[in-house]
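Visitor: got a predicted structure plus its sequence, pasted below:
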Amino acid sequence: NRCKYIAENYLEDAKLVNQVRGALAYTGLYKNKRVTVFTSGMGIPSMGIYSYELFKFYDVDTIIRIGTAGSYKDYLNVGDIVLANSSYSMSGYTYEFNKTKEDTFYGSDKVNEVIKETARELNINLNLGKVHSTSAFYTIDFDFKTIDAECVEMETFSLFANAKELNKNASCLLTISNSFITNQEMSSSERETRLNDMIVLALEAIIKL
């Protein structure tokens, strides 16, 4: 639904170019430049599949993930935007993917610099930090304070890993949708529609690359 929302509200002449297994993708024009918006699905494996195929088989050079995250820090409130400079995970994705045990991957410096410059132009406050990519949405007796990260989400790790392996560019913007400190959270409808600053920031940045 978020993908459809972006296509209908921000792209001109948007066309549905994929709906296999319900994974929607739209290609349209943003300020006369062609942009594709593609759902990543949920979780590291789903993002791993879609981003790998886009990079490897469809000649995509740059992916900016936009999504939501849970805050681990008291200075990150619901609605704040985070630019992920790195992603940490305890996932076994990389061992199965390329037989390494790396637990941290980094976003593209080139793309991140464009995003930061664009945020300044748009007067959008941007927080920079590490994200924790988890494979378990529900956890038992998990202490988030033991994780050296600003926030938690479920997809960025495999995106960054694939970009490194395939020599591509990837970045990630996240809007804080809930806080583990204050227990505030967005509703499901707000998660689709209260992300406009992040969406505009990603679109304005991607057409510069």
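Guide: Received it, and whenever you're ready, just let me know what you need. Numbers count the residues shown, from 1 in each chain.
Visitor: and the strands in this structure?
Guide: With DSSP state E as the criterion, the chain has strands at 12-18, 25-30, 33-38, 62-71, 81-88, 104-106, 127-133, 151-153, 169-179.
Visitor: among those, which comes closest to residue 95?
Guide: Of all those, strand 104-106 sits nearest to residue 95, with 13.5 Å by Cβ to Cβ. C-beta coordinates here come from the backbone N, C-alpha and C atoms, glycine included.
Visitor: what comes up buried for the helix or strand of the chain with the lowest mean pLDDT?
Guide: Every helix and strand of the chain was ranked by mean pLDDT, DSSP states H and E. The lowest is helix 188-193, at a mean of 77. Buried residues in helix 188-193, counting neighbours by 16 or more other Cβ atoms under 10 Å, are found at 191, 192.
Visitor: packing partners of that helix?
Guide: Packing contacts for helix 188-193, counted by 3 or more Cβ pairs under 8 Å, 6 or more residues apart in numbering; DSSP states H and E, involve helix 2-10.
Visitor: how far out from the middle of the chain is the helix it packs on?
Guide: 16 Å (Cα atoms, centre = their mean, to the nearest Å).
Visitor: run through the neighbouring helices and strands of that helix.
Guide: Helix 2-10 packs on strand 12-18, strand 25-30, strand 33-38, helix 188-193, helix 196-206, going by 3+ Cβ pairs under 8 Å, 6+ apart.
Visitor: in it, which residues are buried?
Guide: Buried-residue list, helix 2-10, by 16+ other Cβ under 10 Å: 2, 3, 6, 7, 10.
Visitor: dump the residue contacts of the one residue sitting closest to the centre of the chain.
Guide: In the chain, the residue lying closest to the centroid (Cα atoms, centre = their mean) is residue 65, at 2.9 Å. In this structure, residue 65 makes contact with 40, 47, 155, 156, 159, 170, 171, 172, 173, judged by Cβ atoms under 8 Å, 6 or more residues apart in numbering.
Visitor: show me what it is bridged to.
Guide: With DSSP bridges as the criterion, residue 65 is bridged to residue 172.
Visitor: from residue 75, how far off is it?
Guide: 22 Å (Cβ to Cβ, to the nearest Å).
Visitor: before we move on, the earlier item: export the buried residues of helix 2-10 as JSON lines, with columns for distance to residue 186 and pLDDT.
Guide: As requested, the buried residues of helix 2-10 are exported to JSON lines (distance: Cβ to Cβ, whole Å; pLDDT from 0 to 100):
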{"residue": "2", "distance to residue 186": "12", "pLDDT": "89"}
{"residue": "3", "distance to residue 186": "18", "pLDDT": "93"}
{"residue": "6", "distance to residue 186": "17", "pLDDT": "95"}
{"residue": "7", "distance to residue 186": "21", "pLDDT": "97"}
{"residue": "10", "distance to residue 186": "20", "pLDDT": "97"}
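Visitor: got TSV for the residues you listed, with distance to residue 26 too?
Guide: TSV is the format used below for these (distance: Cβ to Cβ, whole Å):
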residue	distance to residue 26
2	11
3	7
6	8
7	4
10	10
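Visitor: go through the residues you listed and name the one nearest residue 57.
Guide: Of the buried residues of helix 2-10, the one sitting nearest to residue 57 (Cβ to Cβ) turns out to be residue 3, at 19.9 Å.
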